[in-house]
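Trainee: build me a model from this:
(one chain, ligands or ions: 2)
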Amino acid sequence: MPARRKREELALGLDIGSHAVKICELASTGNGYRLKGLGSALLPPDSLEDGALVAPEEVARVIAALIANLKPKTKKVAFSVSGYSVIVKKINLEVMTTEELDKHIHEEAEQYIPFDIDDVYLDCQDLHTNTEEEERTDVMLVAAKKEVVDGYLEMLQSIGLKPVVVDVDAFALENAFETSFSQDENVALVDIGASKMNLNLLAGGSSALARDVVLGGRQLTEQIAKALNLSFDEAEELKLGRTAAPDQETQETIARLVRETCTQWSAEIKRALDFYQTNHPDDPIQRLVISGGGAKLAGLADFLGRETGLPAEIFNPFARAEVDESVINPAYLKAVAPEMVLAAGLATRPAEF
Ligand SMILES: Nc1ncnc2c1ncn2[C@@H]1O[C@H](COP(=O)(O)OP(=O)(O)OP(=O)(O)O)[C@@H](O)[C@H]1O
Ligand SMILES: [Mg+2]
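Mentor: Numbers count the residues shown, from 1 in each chain. Ligands and ions are numbered 1, 2, ... in the order given. Prediction:
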């Protein structure tokens, strides 16, 4: 765990997913975290499209209700973006000072970004991979469309929140991992949401490959709805096992679609693992850690374990956090923990900006 200043004020972690908003409040205990509160609420369908807000008022209403319920101490929030409008790229540059890098990154970035450079917010971080022999270093470049980021900022400000950190989903995932696991292992973090999968392969404590794939739990619900001629909501209830399949044929259809979806997800994960393996043959990934609502699909962890040959487990971002069980119901916490990973990662960010 990274050394942290004592009891610094932390931002409220807010993960605005296409299916649900998740919120998490942590307190710093000096050498770890205490979980103060968490909550989630479904969003109306089509509130987000490919990571961009399309129904800001509806989303604002849902978040305001969650905040009213949670009553967090701070109004400062950390949120993250992903999707088409966000570009994350690792580039290799000559070693330079932070000031030089900040100046240089603008012209350097143009070749990697498919948008007008004036339309994006740019950020970069030196990963300090240079050695005595090699005067070059890897730099993580992040660009996000201003229009999309500003849409979130305005929406959050409209309900009295103060956004202090804008992160990227894949990095929030990494942050959550760093607070809950030992960093000695090389792992593949896979967050499977409703409409996308974030993959982040960590080696030697930093991200070696981060990618978003447009696959998720919604696609399975849509396939069930189509195959059985049901509404989306009816299909979702069947998928989650909240309603029982009326007959064996229906049950078999669902099982087949679940299998096909798991196979497709697994193929994407294997593709990323293969790509990594080709570039780092001597430093293999040792474990899969899966999260997001999609990770709760029955049998998925075992299936992925068999397919990839790596041990696979479901991410509990609160494994090392102090939890007051008189305030937070342990059964509820266990059930929602896999979906809370991004919010938990965001909630570790300091609020002082
Ligand atoms: N027990 C479960 N079994 C199978 N799927 C589940 C289960 N619980 C939740 N899901 C699915 O997980 C998805 C929601 O997960 P999550 O809350 O992580 O998505 P999101 O963050 O809102 O979406 P995204 O990150 O893609 O924008 C939905 O498709 C939901 O049907
Ligand atoms: Mg998500």
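Trainee: so, low pLDDT: which residues of the stretch 101-250 of the chain?
Mentor: For the stretch 101-250 of the chain, no stretch has pLDDT under 70.
Trainee: against ligand 2, how distant is residue 144?
Mentor: 16 Å (CB to the ion, to the nearest Å). C-beta: built from backbone N, CA, C; applies to glycine.
Trainee: repeat for residue 335
Mentor: 16 Å.
Trainee: is it fair to say that residue lies in a helix?
Mentor: Yes. The assignment for residue 335 is a helix, going by DSSP: H, G, I helix; E, B strand; the rest coil.
Trainee: what's the local residue count around it?
Mentor: Other residues near residue 335 come to 11 when the count uses other CB atoms under 10 Å.
Trainee: and for the one 10 residues further on?
Mentor: When counting by other CB under 10 Å, one arrives at 31 neighbours for residue 345.
Trainee: and the helix or strand containing it, what does it pack against?
Mentor: Taking DSSP states H and E as the criterion, the element that holds residue 345 is helix 341-346. If you count contacts as 3 or more CB pairs under 8 Å, 6 or more residues apart in numbering; DSSP states H and E, helix 341-346 packs onto strand 12-16, strand 20-28, strand 76-81, strand 162-168, helix 169-180.
Trainee: run the last query once more with 10 Å
Mentor: Helices and strands touching helix 341-346, by 3 or more CB pairs under 10 Å, 6 or more residues apart in numbering; DSSP states H and E, are strand 12-16, strand 20-28, strand 33-42, strand 76-81, strand 162-168, helix 169-180, strand 187-192, strand 287-291.
Trainee: to residue 53, which of the ones you listed lies closest?
Mentor: strand 12-16 (7.8 Å; CB to CB).
Trainee: domain ranges for the chain?
Mentor: Domain assignment for the chain by automatic domain parsing gives 1-86+146-181+319-353, 182-316.
Trainee: first-to-last residue distance for the shortest one?
Mentor: Start to finish, the residues bounding domain 182-316 are 13 Å apart (CA to CA, to the nearest Å).
Trainee: near ligand 2 at all, that domain?
Mentor: Yes. With CB under 5 Å from the ion as the criterion, ligand 2 is reached by domain 182-316 at residue 193.
Trainee: how far does that domain sit from its chain's centre?
Mentor: Distance of domain 182-316 from the chain centroid (CA atoms, centre = their mean, to the nearest Å) equals 13 Å.
Trainee: can it be said to contact ligand 1?
Mentor: Yes. Judged by CB under 6 Å from any ligand atom, domain 182-316 comes into contact with ligand 1 at 193-196, 216-218, 221, 236, 239-240, 292-294, 296-297.
Trainee: ok, which pair from these is furthest apart?
Mentor: Farthest pair in the residues of domain 182-316 next to ligand 1, by CB to CB: 196 and 240, 19.3 Å.
Trainee: who's more crowded, these two?
Mentor: residue 196 (22 against 14).
Trainee: isn't that one right up against residue 293?
Mentor: No. Look at residue 196 against residue 293 with CB atoms under 10 Å: they stay out of range, at 11.8 Å.
Trainee: so can I have TSV of the helices and strands packed on helix 341-346 showing mean neighbour count?
Mentor: TSV is the format used below for the helices and strands packed on helix 341-346 (neighbours: other CB atoms under 10 Å):
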stretch	mean neighbour count
strand 12-16	27
strand 20-28	23
strand 33-42	19
strand 76-81	26
strand 162-168	19
helix 169-180	24
strand 187-192	26
strand 287-291	24
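Trainee: buried residues, stretch 216-232. List them.
Mentor: Neighbour-count burial for stretch 216-232 flags 216-221, 223-225, 228, 230 (criterion: 16 or more other CB atoms under 10 Å).
Trainee: residues contacting the closest residue to residue 341 other than its chain neighbours?
Mentor: Distances taken as CB to CB, 6 or more residues apart in numbering place residue 291 nearest to residue 341, at 4.0 Å, with adjacent residues excluded. Residue 291 makes contacts with 173, 176-177, 189-193, 198, 314-317, 337-342, 344-345, as judged by CB atoms under 10 Å, 6 or more residues apart in numbering.
Trainee: got it, and residue 20?
Mentor: Residue 20 is in contact with 40-43, 62, 66, 193-194, 293, 336, 339, counting by CB under 10 Å, 6+ apart.
Trainee: now, of those residues, which are buried?
Mentor: So, of the contacts of residue 20, 40, 43, 62, 66, 193-194, 293, 336, 339 end up buried under the neighbour-count rule (16+ other CB under 10 Å).
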